[in-house]
Structure formats: structure tokens, C-alpha cells
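> Dropping a prediction and its sequence here:
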Amino acid sequence: MKIVFMGTPEFAAVSLKKLIEAGHEIVLVVTQPDREKNRGKKIIYSPVKEVALEHQIPVIQPLKLRSDSEALEALRRAHKEAELGIVVAYGQILSQEVLDMPRLGYINVHGSLLPKLRGASPIQTAILLGEEPTGVTIMKVEKGLDSGDMLSKREIFVGLKTAGELENEMAKVGAELLTETIENFSNIVPRPQNDEEATFCSIISKEDGHINFEESAESIERMTRAYNPWPGTFAKIHDNTYKFWKVEVVRCIDDASSKAPGEIVGIDKESFTIACGDDGRERLKVLEVQAPGKKRMKTGDFLRGNRLRTGEIFT
């Protein structure tokens, strides 16, 4: 099939590679503009552009597609050949004019089991909420937010995966499901979403990673996985901000009632343990940590060069 592909990050590049391997003809790739690193010393291409250039596929990179007349004209020309459009984590909202260009419309790879977790951060939010399973949905793109008819779904087990690990798995599963869906496109009956069952997730900001130890140890553990690799989870002690990269929940075996949320209640050679706000029943054992200006390291290595004491409090 002849296709126009829109996407930007590695998550989208996995789908583009799979489509090319499956023998589909990518007529045009649309991706976000190149970025400058270190004040223009180096130009960074998006992962999708890297794949397109490797396979000699034409690329356009409009700053704002809906208002770029040259880019829109390039799309019109492309869709005289391409009967289907695919958008995977492109980063811009498509106008109705663009959605109407291909004969078969546009379809999307979305990182949740719709109608749950519509919006910008379905992978992270699934971990935050303890969703099990999550999955990927191939849907038709319409003007509403992730509200188009569903073409196919596949479940993915979350377990103790970080957002980065879950995203990598979802990218592969999504790419496979996308190619299978295209191969069976003429036989698939689109299924409308039940809007009454829809849930939504918002854009993540850096400040979302600030740990509130009034929360339960279980919710902080999920948060640590959900915000790995970005923005990470962090807390302050000694006027310094430390990032927590790997933690686990442990049961309290002593009198927890007198311990303040954020208080260090135990230190051994390989970890330290912090009281949380769930009535002290469970605590957070920190296994990997990052000091300001340092690399991420195992907590045992961190403790050999940094002094912490029981009774001190992270905020």
C-alpha cells in the first residue's frame, strides 16, 4: 500500500521501519523540524527522519503544518498517490483538511487500550494508576482527542516495567499490530469508542517528578517507574536535590506511628529506607540514586561517598 507517514520520536520510527520491511511504499514522511544541540553546534534529526533518509524517502518538516501552505501542497501531491495516512507520535494536531486528503483517511498507533487513557501520556499514566494490563490501539484519526473508531487492539503486561521499558515494548507491539491491521484493512469493521468509559491523561512536566512522601510507598514506587527516564523522581535533603531511580516497597516491622513521612528510618550497606504517608504500614527502600552533578548509581556505592543518618528527612 502507498502511505504518507507522520511521526517524530523513536516510538514512531519503529513503526516506520516495520512498514518498510513489510513492503509498503512510503510516499512522503512528515516530521518535526530539526533541533539544535549546544546552541547550534550540532543539528539533531528526529529518529523518523533518520529512517526516511536511510531509505531515500522524501521528508518535509513544517513548523506548523496547518498554516504552512507549501507543506500542505506537498501533502496534497503525495495523497494523489498515497491512499492511506499514518500518524504515530507526530507532535502536531492535524486539521480536518489534512485528515480528508487520503482516500482511506488517517490511522494512529495509540499507547493504551482505548477509550481508557486518551491524551498525551498514556504509557506513564498506566503505570501511575497501576493499570494491568495496558496495551496499544490502532484507531482512525478524527478531530477529537483520541476518540476515533478502533480498528484493532493488543494487550501488554505492565508488571514492574519502567516507562522507558514499557514504551520500547509498546513500540514493537504497536508496529506489528499496525502492519497486521493494514494487511487486513478491507476486512476490518471499525468499532466506535464508548465515550462514557473514556479517561484522560495530561502532559507531564518536570515538576511532576517531585516526590510527596505523604503519599503511599506503593504510589511512589509506581511514580518512580512511570517517570523513568523522564523527568525522574526527586526529593531534597541537606538543601540538595536527589533523584531516585529504583525503589521497592517493604513492609514495616517496627512501630511506625512515630515516623514522619520522608524520614530515613533505616540504612544498610546497599540501601536506605524512607517512611511514607500510608500510616507507616509500608516504606520505600531506595536501591538506585543520583546525587546533584553525579551519575546514577547503586545506593550502596552512593552511601560510600555520601553521609546520611536515620532521623533525617527528605522533603
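Cool, got the structure.

> now Ile204: how far from Gln124?
As judged by C-beta to C-beta, to the nearest Å, Ile204 and Gln124 stand 6 Å apart. Heads up, the C-betas are built off the backbone N, CA and C, glycines and all.

> Find the residues that touch each one of the two.
Tyr227 (C-beta atoms under 8 Å, 6 or more residues apart in numbering).

> Looking at these two, which has the bigger crowd around it?
Gln124 (26 against 18; other C-beta atoms under 10 Å).

> Surely Lys2 is in contact with Glu81?
Yes - counting by C-beta atoms under 8 Å, Lys2 does reach Glu81; the two are 5.2 Å apart.

> overlap in contacts of those two?
Joint contacts of Lys2 and Glu81 (C-beta under 8 Å, 6+ apart) are Val27.

> Tell me which residue lies nearest the centroid of the chain.
Among the residues of the chain, Ile123 comes closest to the average C-alpha position under C-alpha atoms, centre = their mean, at 4.8 Å.

> my guess is that one is in a helix, correct?
Yes - under DSSP: H, G, I helix; E, B strand; the rest coil, Ile123 falls within a helix.

> the helices in the chain, which residues?
All helices of the chain, identified by DSSP state H, fall at 10-21, 47-54, 69-78, 96-99, 122-129, 163-183, 217-226, 299-305.

> want to try JSON lines for those helices, with mean pLDDT as columns?
As requested, the helices of the chain are arranged in JSON lines below (pLDDT from 0 to 100):
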{"stretch": "helix 10-21", "mean pLDDT": "98"}
{"stretch": "helix 47-54", "mean pLDDT": "98"}
{"stretch": "helix 69-78", "mean pLDDT": "97"}
{"stretch": "helix 96-99", "mean pLDDT": "96"}
{"stretch": "helix 122-129", "mean pLDDT": "98"}
{"stretch": "helix 163-183", "mean pLDDT": "98"}
{"stretch": "helix 217-226", "mean pLDDT": "97"}
{"stretch": "helix 299-305", "mean pLDDT": "94"}
